[in-house]
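Participant: The following block contains a protein sequence and its predicted model.
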Amino acid sequence: MPPNRTEISKIILQTLHELGEDLEKPELQTADESTRLFGARSELDSMNLVNFIADVEERISDEFEIDLILANQSAMSRSHSPFRRVSSCIDYVMELIAAESDAT
């Protein structure tokens, strides 16, 4: 059974909170769905964003045995980045999981 939005939200927020601890950024330690991941007001630089994405991919694989590539051509070609905010990232992961489920 594929994970639900709450489970994916928990993984993404936990990953972000831990990254915030490592980077000593309180804004990330208390992140919620409205927190910016990418752009001018984000606490993440490009390298931290890449690390965050890789960590989320790994946790989803470990917990649900679903292998996703979040930073793919589809994500990069969108007019609005799925990595703009936590909420859009969760929605994007759910979209990829649904597509993966439909393909199998």
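Facilitator: Perfect, I can see it now.

Participant: give the contact list for the nearest residue to A31 once chain neighbours are set aside.
Facilitator: Distances taken as Cβ to Cβ, 6 or more residues apart in numbering put L16 closest to A31, at 4.5 Å, once the chain neighbours are dropped. For every residue, glycine as well, the C-beta is placed using N, CA and C. Contacts for L16 were tallied using Cβ atoms under 8 Å, 6 or more residues apart in numbering; they are L28, A31, T35, L37, F52, V86.

Participant: doesn't H17 make contact with the second one?
Facilitator: Yes: counting by Cβ atoms under 8 Å, A31 does reach H17; the two are 6.3 Å apart.

Participant: Settle it for me: which of the two has more neighbours?
Facilitator: Using other Cβ atoms under 10 Å, the more surrounded residue of A31 and H17 is A31, with 23 against 14.

Participant: Let me see the contact set for that one.
Facilitator: Listed by Cβ under 8 Å, 6+ apart, the contact set of A31 reads L13, L16, H17, G20, V86.

Participant: The second one and S34, how far apart?
Facilitator: In this case it means L16. 12 Å (Cβ to Cβ, to the nearest Å).

Participant: Sort out which one of the contacts of L16 lies nearest M1 for me.
Facilitator: Comparing the contacts of L16 against M1 with Cβ to Cβ picks out V86 as the nearest, at 23.7 Å.

Participant: could you dump the lowest-mean-pLDDT helix or strand in the chain to PDB, C-alpha only?
Facilitator: Ranking every helix and strand in the chain by mean pLDDT, DSSP states H and E puts helix 73-76 at the bottom, with a mean of 82. Below are the C-alpha coordinates for helix 73-76, written out as PDB (Å, rounded to 0.1, in the frame of the first residue of the first chain):
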ATOM      1  CA  GLN A  73      13.500  16.500 -15.900                       C
ATOM      2  CA  SER A  74       9.900  16.800 -15.000                       C
ATOM      3  CA  ALA A  75      10.700  18.800 -11.800                       C
ATOM      4  CA  MET A  76      13.100  21.000 -13.600                       C
END
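
Participant: which stretches of the chain have low pLDDT?
Facilitator: Residues of the chain that meet the criterion pLDDT under 70 lie in 104.
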